[in-house]
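Asker: What follows is a predicted structure for the sequence shown.
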Amino acid sequence: MELYDELVKRGLIAQVTNEEEIKNKINKGEATFYIGFDPTADSLHVGHFMALCLMKRLQMAGNRPIALIGGGTAMIGDPSGRTDMRQMMTKETIDANVECFKKQMARFIDFSDDKALLVNNADWLLDLNYVEVLREVGSHFSVNRMLAAECYKQRLEKGLSFLEFNYMIMQSYDFLKLFDKYGCVLQFGGDDQWSNMIGGMELIRRKRGKEANAMTINLLLNSEGKKMGKTQSGAVWLDPDKTPPYTFYQYWRNVDDADVIKCIKMLTFIPLDEISKMESWEGSQLNEAKDILAYELTKLVHGEEEADKARDASKALFSGNGSSENMPSVELKEEDFRDGKIDILGILVAAELAPSRSEARRNVQQGGVSVNGDKITDIHTNYGPEAFSEEFIIKKGKKKFCKVIYS
């Protein structure tokens, strides 16, 4: 099966401008393409994951990726998918985020021997002459057409700043710059970027008289149509210090039954003929599919060793097999004890399973807390240091737990 057909079967492709041209180029491994990433945080997250996987697939087929980090566009802020204006960031914060992105991208993309490029649009955007941009670039954009774009529509009711209004022009200029400098004729990205990508294509056509193309990939949505990659505590990050490998593993292990096969298709590199066999799986077999999904993605992001540790820790908790060595853990300190005791509420807060004692109290009273498999219903239950001389695992609900240590 050729690459483009595989992307279709995996459910990745949303919209394309010239299907035959794009199909021909990527199947032959002749495409120089780019995907942009604005450094709005100090880590990539699951929302970037689809784009990174697409870049990896295309590079494996011989195509040349350009990872464009938006050190310049991040100074403005993309209004796409936003109901309010992004918080303004300092140049120092953006530069620090750029460095974090570079390190993480290297896990997915091979930048050696010019096989891929990593560029920062701050190199050309921050030194632009305003009047020159208005004359040379702005004159090619219709305000009426821009206002009709989906990325602006939802902001017009609450107010769209002139700053954000310029974002489409800046992204379009990026495409022109990469076309001129590297012969980049394809831009790929999330489906919410369609209007911005069309703007870049039009600018290249008007300024250079040449054709460029765009392809968007489907956003990662669950069966309810909501974006995946969010938890109650925030985004699922690719940085192990922000989302530990075990937590990352458990996020995918706990996806809904209705979403697991779709996620395996879209995010893993498991061959499609193997995935097709999983599509008929039911009941406990779906749990096996979730284990496969969680392991493959954790391995891709954090490496095989961390994936093995996360899987062992998961088995130790949920099936009694495997090692508890790699479970999330917290070490109690002497000051955590009062009169030589610590109560169940204090342990929940120390283990960050509850944000406060009042929330911990509700968790216990509702029957959602257990210690070493025994349900705790008395909020006054307390423990001395000797209780932690052996394995002490506290669990809240079905999915959150922590190994508690005191030495």
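Answerer: Happy to help now that I have it. Numbers count the residues shown, from 1 in each chain.
Asker: Quick one: find the helix or strand in the protein with the lowest mean pLDDT.
Answerer: helix 150-156 (a mean of 67; mean pLDDT, DSSP states H and E).
Asker: Quick check: what element follows that helix along the chain?
Answerer: With elements assigned by DSSP states H and E, the helix or strand that comes after helix 150-156 is helix 162-165.
Asker: which strands and helices sit next to the next helix-or-strand element following that next one?
Answerer: Later in the chain than helix 162-165, the nearest helix or strand by DSSP H and E is helix 167-182. When contacts are defined as 3 or more C-beta pairs under 8 Å, 6 or more residues apart in numbering; DSSP states H and E, helix 167-182 sits against strand 32-37, strand 64-69, helix 122-125, helix 194-208. No exception for glycine: its C-beta is placed from N, CA and C like everyone else's.
Asker: Dump those into TSV; add mean neighbour count and distance to Tyr246 as well.
Answerer: Formatted as TSV, the helices and strands packed on helix 167-182 follow (neighbours: other C-beta atoms under 10 Å; distance: least, C-beta to C-beta, whole Å):
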stretch	mean neighbour count	distance to Tyr246
strand 32-37	22	26
strand 64-69	23	28
helix 122-125	17	36
helix 194-208	20	36
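Asker: pLDDT weak spots in the stretch 251-400 of the chain?
Answerer: The stretch 251-400 of the chain contains residues with pLDDT under 70 at 317-326, 399.
Asker: what about 80?
Answerer: 315-328, 398-400 (pLDDT under 80).
Asker: Could you tell me the per-residue confidence at Asn63?
Answerer: You'll see Asn63 listed with a pLDDT of 97.
Asker: Just give me the residue closest to the centre of this protein.
Answerer: Residue closest to the average C-alpha location in the chain (C-alpha atoms, centre = their mean): Val46, at 1.5 Å.
Asker: Over to it: give its phi and psi.
Answerer: With angles defined as degrees, to the nearest 10, Val46 sits at phi -60, psi -30.
Asker: for the residue nearest to it when sequence neighbours are not counted, what are its contacts?
Answerer: Spatial nearest neighbour of Val46, chain neighbours left out: Gly229 (3.0 Å); criterion: C-beta to C-beta, 6 or more residues apart in numbering. Gly229 makes contacts with 45-47, 49, 220, 235-236, as judged by C-beta atoms under 8 Å, 6 or more residues apart in numbering.
Asker: Assumed Gly189 was part of a strand.
Answerer: Yes. Counting by DSSP: H, G, I helix; E, B strand; the rest coil, Gly189 is located in a strand.
Asker: Quick check, it in contact with Leu219.
Answerer: No. Judged on C-beta atoms under 8 Å, Gly189 makes no contact with Leu219 at a distance of 10.6 Å.
Asker: quick one, which of the two is more surrounded?
Answerer: Gly189 (25 against 16; other C-beta atoms under 10 Å).
Asker: Spatially nearest residue to the more buried one (excluding sequence neighbours)?
Answerer: Closest to Gly189 by C-beta to C-beta, 6+ apart is Ile35, at 5.5 Å.
Asker: so that neighbour makes contact with His48?
Answerer: No. Ile35 is beyond contact range of His48, at 9.2 Å (criterion: C-beta under 8 Å).
Asker: thinking again about what came up before, pLDDT at the residue nearest to the centre of the chain, what is it?
Answerer: Looking at Val46, its pLDDT reads 89.
Asker: what do you get for Arg107?
Answerer: Value for Arg107, per-residue pLDDT: 89.
Asker: Touching, it and Pro240? I think so.
Answerer: No. In this structure, Arg107 is not within contact of Pro240 by C-beta under 8 Å, at 11.1 Å.
Asker: Include distance to Lys103 when you put the helices and strands packed on helix 167-182 into CSV, please.
Answerer: Shown next, in CSV, are the helices and strands packed on helix 167-182 (distance: least, C-beta to C-beta, whole Å):
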stretch, distance to Lys103
strand 32-37, 13
strand 64-69, 12
helix 122-125, 18
helix 194-208, 26
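Asker: Which among the ones you listed is found nearest to Gln285?
Answerer: Proximity to Gln285 (C-beta to C-beta) singles out strand 32-37 among the helices and strands packed on helix 167-182, at 34.9 Å.
Asker: Residues contacting that closest one, please?
Answerer: 26, 44, 48, 51, 54-55, 58, 63-70, 73, 101, 105, 121, 171, 174-175, 178, 182-189, 193.
Asker: any idea which helix or strand comes after that strand?
Answerer: helix 46-60.
Asker: between that next one and strand 32-37, how many degrees?
Answerer: 170 degrees (axes from the mean of the first three to the mean of the last three C-alpha atoms, to 10 degrees).
Asker: Next, the angle from helix 46-60 to strand 64-69.
Answerer: Using the same axes, to 10 degrees: helix 46-60 against strand 64-69 is 160 degrees.
Asker: which other residues reach helix 46-60?
Answerer: Contacting residues not belonging to helix 46-60 are listed as 3, 6-7, 12, 26, 31, 33, 35, 37, 44, 65, 67, 105, 108-110, 115-116, 188-190, 217-220, 227-229, 235-238, 251, 266-267, 269, 297, 300-301 [C-beta under 8 Å, 6+ apart].
Asker: If we go by neighbour counts, what in it is buried?
Answerer: Buried residues in helix 46-60, defined by neighbour count with 16 or more other C-beta atoms under 10 Å: 46-59.
Asker: that older thread, quick one: closest of the helices and strands packed on helix 167-182 to Val137.
Answerer: helix 194-208 (6.9 Å).
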